[in-house]
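[1] missing the sequence, but the structure's below:
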């Protein structure tokens with residue numbers, strides 16, 4: 001490229017844009033192809049892992065079936081049924097403690113051999129009390145077969161598997177984690193005599209994990225029961241694999257990020273035992289192995305970058321000339337000369353762009369003249385608005401009071417009064433916005449009351465009780481001030497003994513409610529009717545209706561909230577007045 005072409009010139013930018021566009025397209029194609037290849041392989045991987053778990057589930061199910069067949073066979077054995085009937089008869093006569101006097105092992109030992117995975121068999125009465133248990137710890141059995149579990153077993157009415165728990169041999173004190181298969185034992189009249197329980201050692205399932213190359217786990221909730229790695233039973237899933245149990249989905253595969261790696265985690269529910277079968281493998285290792293088999297794409301990417309450089313350089317040079325002409329024109333326009341126009345030398349797209357630019361410059365000149373006139377009008381309207389919001393009489397009285405305070409050396413009181421006055425007009429003006437937040441309206445009200453308290457300190461006191469829950473909602477500016485002003489001048493001030501003023505605001509039934517209460521002179525009933533009628537008349541103007549302050553409040557709120565505004569006056573002459581105002585709790589922009 002020529003030395004005359006600066007680094008910031010349109011030629012360089014045009015070149016960079018086209019170059020990046022082509023390069024990014026090539027890179028996107030490269031990444032898309034690579035991603036699709038990895039995603040396709042990952043999908044196959046997930047299908048394979050799920051098939052592995054299904055095969056594992058099938059082996060476990062076959063293993064359980066052998067135990068179930070043995071359990072049903074034993075529950076129908078005549079000697080065992082007779083044993084249950086005999087022990088229940090003794091217990092009915094002598095009490096449940098008599099169950100300890102029997103030895104169920106003697107009855108069970110004479111039966112046919114059980115699967116090797118069944119490490120013990122116990123008998124229970126219908127309420128879960130061990131019958132003749134001399135081999136296993138009765139405390140552990142009673143703790144697990146509690147009344148709630150036994151009630152569920154009785155309500156189910158059929159043989160069922162329990163969750164895992166630990167049994168302990170009395171002789172060796174060896175603790176083993178087991179599943180229990182509980183089979184009801186009935187007599188010839190189908191009366192429930194008790195339950196025969198076969199204890200399946202969970203370690204008997206370990207051989208089922210060995211044939212597979214994946215890392216396999218058997219979970220109960222968030223606890224690892226068995227794993228191919230030989231992790232201790234009851235190890236937390238999070239402490240071993242560094243991810244939460246809540247991330248596991250039913251019969252599906254997910255990619256879980258851990259601190260050290262991303263894992264491909266495949267899960268399958270095994271409903272009979274209420275467990276999950278889990279397969280994990282490194283996602284990073286899997287992706288790396290797939291990516292190393294794509295060298296041809298890297299070569300394609302290199303040639304693509306070379307092509308992008310050459311094509312971008314040629315296109316940039318061809319397109320730079322008309323753009324530079326526009327650039328020179330715009331540089332002069334930028335300095336304020338809007339009288340210049342572009343000379344059109346072609347009828348292509350750049351020619352049309354030049355015509356559009358010339359037309360735009362014509363419109364800009366016209367628009368600037370109009371904008372200047374509008375700004376002058378707007379400034380005049382803003383000035384009028386500010387002047388209308390300022391109340392000269394009120395301001396005059398406050399300044400007189402401030403002057404008196406200064407003369408009486410009440411400097412701190414005078415300073416506080418000036419601050420309240422400044423805050424009142426700062427919020428009142430509110431940058432010309434007609435709609436402000438309730439929080440801003442409360443600030444304005446608080447400053448207004450502080451100033452009025454300074455003027456009428458001898459006969460007026462007040463309190464503000466506003467719930468923070470309504471601060472965020474919008475309200476027309478100076479909604480409360482006219483109501484408070486009326487309460488002071490026509491209520492509290494008119495009463496010889498003075499009075500108390502309370503302004504409250506709260507949220508009720510999704511509506512914002514304001515109450516202005518005073519213990520002043522009250523309002524006559526006929527005047528109350530006029531004010532209520534005024535609140536329902538939205539077409540009245542300032543020139544035709546008295547009590548313009550109240551009417552203005554209602555009209556502005558009805559406009560903002562589509563007429564859904566309630567206004568009520570409760571007053572007793574000579575005692576009190578309470579004005580209630582409510583509207584929907586909605587947020588409105590200015």
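    Good, I have the coordinates. On a predicted model such as this, the values are computed, not experimentally measured, just so you know.
[2] pull up the pairing partners for the strand ranked longest in the chain, direction included.
    For the chain, the longest strand by residue count, based on DSSP state E, is strand 175-186. Strand 175-186 pairs in its sheet with strand 160-161 (antiparallel), strand 165-168 (antiparallel), strand 192-201 (antiparallel), by DSSP bridges.
[3] closest to residue 323 out of the ones you listed?
    Residue 323 lies closest to strand 160-161 among the strands paired with strand 175-186, at 78.6 Å (Cβ to Cβ). C-beta coordinates here come from the backbone N, C-alpha and C atoms, glycine included.
[4] contacts for that closest one next, please.
    Outside strand 160-161, the residues that touch it by Cβ atoms under 8 Å, 6 or more residues apart in numbering are 64, 153, 179, 180, 181, 182, 272, 273, 274.
[5] count the neighbours of the second one for me.
    Burial of residue 153 is recorded as 21 neighbouring residues (other Cβ atoms under 10 Å).
[6] now name the helix or strand holding it.
    If you go by DSSP states H and E, residue 153 is part of helix 147-156.
[7] which residues are in contact with that helix?
    Contacts of helix 147-156 (Cβ under 8 Å, 6+ apart): 124, 126, 127, 128, 160, 162, 182, 192, 195.
[8] got the contact list for the closest residue to residue 520 other than its chain neighbours?
    The shortest distance from residue 520 to any non-neighbouring residue, by Cβ to Cβ, 6 or more residues apart in numbering, is to residue 491 (2.6 Å). Neighbouring residues of residue 491 by Cβ under 8 Å, 6+ apart: 499, 501, 518, 520, 521, 522, 523, 577.
[9] out of those residues, which is nearest to residue 166?
    residue 501 (73.0 Å).
[10] skipping adjacent residues, who's closest to that closest one in space?
    residue 462 (4.0 Å).
[11] same check on residue 567?
    Residue 567's closest residue in space is residue 535 (Cβ to Cβ, 6+ apart), at 3.9 Å.
[12] quick one, grab the pLDDT at the one you found.
    Reported pLDDT at residue 535 in the predicted model: 70.
[13] what of residue 7?
    50.
[14] before we move on, back to that, pLDDT and distance to residue 28 added to the contacts of strand 160-161, as CSV?
    Output for the contacts of strand 160-161, formatted as CSV (pLDDT from 0 to 100; distance: Cβ to Cβ, whole Å):
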residue, pLDDT, distance to residue 28
64, 90, 52
153, 90, 61
179, 93, 53
180, 93, 58
181, 94, 58
182, 94, 60
272, 85, 49
273, 86, 48
274, 86, 47
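[15] what's the most distant pair in those residues?
    So, the contacts of strand 160-161 by Cβ to Cβ: farthest apart are 64 and 153, at 17.5 Å.
[16] helices of the stretch 151-300 of the chain, start to end?
    Residue ranges of the helices in the stretch 151-300 of the chain, as given by DSSP state H, counting those that start in this stretch, are 237-241, 283-291, 295-334.
[17] can you tell me the average pLDDT over the last one?
    Per-residue pLDDT over helix 295-334 has a mean of 71.
[18] again with the shortest one
    If you average the pLDDT over helix 237-241, you get 77.
[19] buried subset of the contacts of strand 160-161, written for PyMOL?
    Entered in PyMOL, the line below selects the buried ones among those, by 16 or more other Cβ atoms under 10 Å:
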select buried, resi 64+153+179+180+181+182+273
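[20] and the contacts of strand 160-161, which is closest to residue 144?
    residue 180 (7.9 Å).
[21] so the closest one touches residue 201, yeah?
    No - using Cβ atoms under 8 Å, residue 180 makes no contact with residue 201, being 11.1 Å away.
[22] the strands in the stretch 401-550 of the chain, which residues?
    Secondary structure of the stretch 401-550 of the chain, counting by DSSP state E, counting those that start in this stretch: strands at 435-437, 460-466, 474-476, 499-508, 511-518.
[23] mean pLDDT added to the ones you listed, as TSV?
    Listed next are the strands of the stretch 401-550 of the chain as TSV, based on pLDDT from 0 to 100:
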stretch	mean pLDDT
strand 435-437	83
strand 460-466	89
strand 474-476	85
strand 499-508	92
strand 511-518	94
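[24] now those in TSV, with mean neighbour count?
    TSV is the format used below for the strands of the stretch 401-550 of the chain (neighbours: other Cβ atoms under 10 Å):
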stretch	mean neighbour count
strand 435-437	17
strand 460-466	16
strand 474-476	21
strand 499-508	18
strand 511-518	21
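[25] of all those, which one is nearest residue 346?
    The nearest among the strands of the stretch 401-550 of the chain, by Cβ to Cβ, is strand 435-437 at 53.1 Å.
[26] so how far is that closest one from its chain's centroid?
    The chain centre lies 28 Å from the centre of strand 435-437; the measure is Cα atoms, centre = their mean, to the nearest Å.
[27] so what strands line up beside it?
    strand 474-476 (antiparallel).
[28] and stretch 171-185, which residues are buried?
    By neighbour count with 16+ other Cβ under 10 Å, stretch 171-185 contains the buried residues 176, 177, 178, 179, 180, 181, 182, 183, 184, 185.
[29] which of the residues you listed lies closest to residue 530?
    Using Cβ to Cβ, the buried residues of stretch 171-185 come closest to residue 530 at residue 182, 83.3 Å.
[30] residues touching that closest one, list them.
    Going by Cβ under 8 Å, 6+ apart, residue 182 touches 124, 153, 159, 160, 161, 162, 195, 196, 197.
[31] tell me which of these is nearest to residue 310?
    Out of these, the member with the shortest distance to residue 310 (by Cβ to Cβ) is residue 161, at 71.9 Å.
[32] report the beta-bridge partner residues of the closest one.
    Here residue 161, judged by DSSP bridges, has bridge partners residue 181.
[33] I'd like the distance between it and residue 333.
    85 Å (Cβ to Cβ, to the nearest Å).
[34] if you count what's nearby, which of the two comes out ahead?
    The neighbour comparison of residue 161 against residue 333 (other Cβ under 10 Å) goes to residue 161, with 19 against 16.
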